[in-house]
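Colleague: Sequence first, predicted coordinates after that:
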Amino acid sequence: MFLRNLREIPAEAVEEGASGTQIRWAIGENVGAPNFHMRVFTLAPGGSTPLHEHVWEHEVFILRGEGVVVEDTDERAFGPEDVVYIQPGERHQFRNTGGADLEFICVIPAAGRCGVK
């Protein structure tokens, strides 16, 4: 079993193309999770992930803050306790549109562990 406070896990910079964004690998290679990896993203006001796509899905739960998720040219606003599903191959980006940090949990298959993917 693994139990640790999220704030004890080091925050890392997100891949090129992101701004004001950090990631914490809450559960993944650090505990030998074979199937899924859970990350927690923190976006400063005005911060964003890169506009990108990949072959795996994302499941996202918004913890705090406000933002938009971009799909090509469409934007949808979200807030605390909203959930977002990103389909495989769907081009997407998260942006913080609020005045405070945006924080969300994002779960991906273990095979997708690299950068923001």
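Modeller: Yes, it's here. Numbers count the residues shown, from 1 in each chain.
Colleague: how about the longest strand seen in the chain: buried residues?
Modeller: Selection of the longest strand in the chain by residue count, based on DSSP state E, yields strand 36-48. For strand 36-48, burial by neighbour count (16 or more other Cβ atoms under 10 Å) applies to 37-43, 47-48. Every residue, glycine included, has its C-beta placed from N, CA and C.
Colleague: Looking at the residues you listed, spot the one nearest Glu66.
Modeller: Nearest to Glu66 out of the buried residues of strand 36-48 is Leu43 (Cβ to Cβ; 10.4 Å).
Colleague: How is the residue lying closest to Asp82 once chain neighbours are set aside assigned, secondary-structure-wise?
Modeller: Spatial nearest neighbour of Asp82, excluding adjacent residues (Cβ to Cβ, 6 or more residues apart in numbering): Ile62 at 4.7 Å. Recorded secondary structure, Ile62: strand (DSSP: H, G, I helix; E, B strand; the rest coil).
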